[in-house]
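1. A predicted structure for the sequence below; I have some questions about it.
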Amino acid sequence: MTAANVGQFIRFTRHGLEITGEVTKILERSVIVSITEEDALLLDYGTNFTVVSHDNYEILA
């Protein structure tokens, strides 16, 4: 799989919801993604950042 770059948008599934976010940092096995406040509320997160494994997202064109 090709890893996303900082600034790219990715799509991933979390708790049955399809989420789109912007990559803010690349780690060895995952990326840190900025998601919308609305998505963070739906997911019951206290922040609008989440970690997504390289295996679990699709890069959007």
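-> That came through fine.
2. When you work out contacts or count neighbours from here on, use the C-alpha atoms and nothing else.
-> Noted.
3. show me the contacts for residue 34.
-> Neighbour list for residue 34: 21, 22, 23, 24, 48, 49, 50 [criterion: C-alpha atoms under 8 Å, 6 or more residues apart in numbering].
4. between these, which is closest to residue 1?
-> The shortest approach to residue 1 among those belongs to residue 23, at 15.8 Å (C-alpha to C-alpha).
5. That closest one - that's part of a strand, no?
-> Yes: under DSSP: H, G, I helix; E, B strand; the rest coil, residue 23 sits within a strand.
6. what helix or strand is the spatially closest residue to it that is not a sequence neighbour on?
-> Using C-alpha to C-alpha, 6 or more residues apart in numbering and skipping the chain neighbours, the partner closest in space to residue 23 is residue 33 (4.5 Å). In this structure, residue 33 sits in strand 30-34 according to DSSP states H and E.
7. hey, C-alpha coordinates of whichever helix or strand comes after that strand in CSV?
-> As assigned by DSSP H and E, the chain's next helix or strand after strand 30-34 is helix 37-42. Extracted C-alpha coordinates of helix 37-42, given in CSV (Å, rounded to 0.1, in the frame of the first residue of the first chain):
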residue,chain,number,x,y,z
GLU,A,37,-15.7,18.6,14.8
GLU,A,38,-19.0,16.9,13.7
ASP,A,39,-17.3,13.6,13.0
ALA,A,40,-15.4,13.8,16.3
LEU,A,41,-18.7,14.3,18.1
LEU,A,42,-20.3,11.3,16.2
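8. So for the helix or strand just after helix 37-42, what gets flagged as buried?
-> Using DSSP H and E, the next helix or strand after helix 37-42 towards the C-terminus is strand 49-53. Neighbour counts over strand 49-53 (16 or more other C-alpha atoms under 10 Å) mark 49, 52 as buried.
9. Can you pull out the residues in contact with strand 49-53?
-> 12, 29, 30, 31, 32, 33, 34, 35, 40.
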